[in-house]
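Q: how does the following fold in three dimensions:
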Amino acid sequence: MFGRKSREEERRRREERENRLRRARLLSGRYQIVFTDPVRAEVENGSDLRKCGGCAEDYARKLKADVAITGEIQKVSNLILNINVYVKNLKADTPEQAYSVDIRGNNDTSFDRGVKYLVKNNMPPRD
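A: Numbers count the residues shown, from 1 in each chain. Model prediction:
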């Protein structure tokens, strides 16, 4: 029971973190979020977006997006985590760019600070 609760809590927090990152990108004025409902079933039934050989770009193109953004959180320990975001400009067909920030503390406050820093200081400006 404890394991299930922990997994459910991690899933909930992951979803909240994804939403925070989306909102931060939107509020930065550099991105417009595209609704992913048309490809949701494909994504849920497919491979991990970071390990699928470009499927994230294919999904983004289906959605007529100019940019494909994926990310991951690497949990080194409960104290050390890395937020990694990958941006692929589909219009310019330039190589994917990686942006990363290390955070200390596996909690919402640390994550919020990391996301704000990442979007403000690391992610590319609007074209």
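
Q: residue ranges in this structure under the pLDDT threshold?
A: Flagging of the chain using pLDDT under 70 yields the residue ranges 1-5, 26-27, 124-127.

Q: longest helix in it, please.
A: When the chain is parsed with DSSP state H, its longest helix is helix 2-27.

Q: now the element after that helix, going C-ward?
A: With elements assigned by DSSP states H and E, the helix or strand that comes after helix 2-27 is helix 40-45.

Q: got a list of contacts for that following helix?
A: Contacts with helix 40-45, where a contact means Cβ atoms under 8 Å, 6 or more residues apart in numbering, come from 36, 49, 59. The C-beta positions use only the backbone N, C-alpha and C, and glycine is treated the same way.

Q: from Gly71, how far off is Asp58?
A: Distance of Asp58 to Gly71, given as Cβ to Cβ, to the nearest Å: 17 Å.

Q: just the buried positions in the longest helix of the chain, please.
A: Residues 17, 20-21, 24-25 are the ones in helix 2-27 that count as buried (16 or more other Cβ atoms under 10 Å).

Q: hang on, isn't Val67 packed against Asp93?
A: No. If you go by Cβ atoms under 8 Å, Val67 and Asp93 don't touch, sitting 11.5 Å apart.
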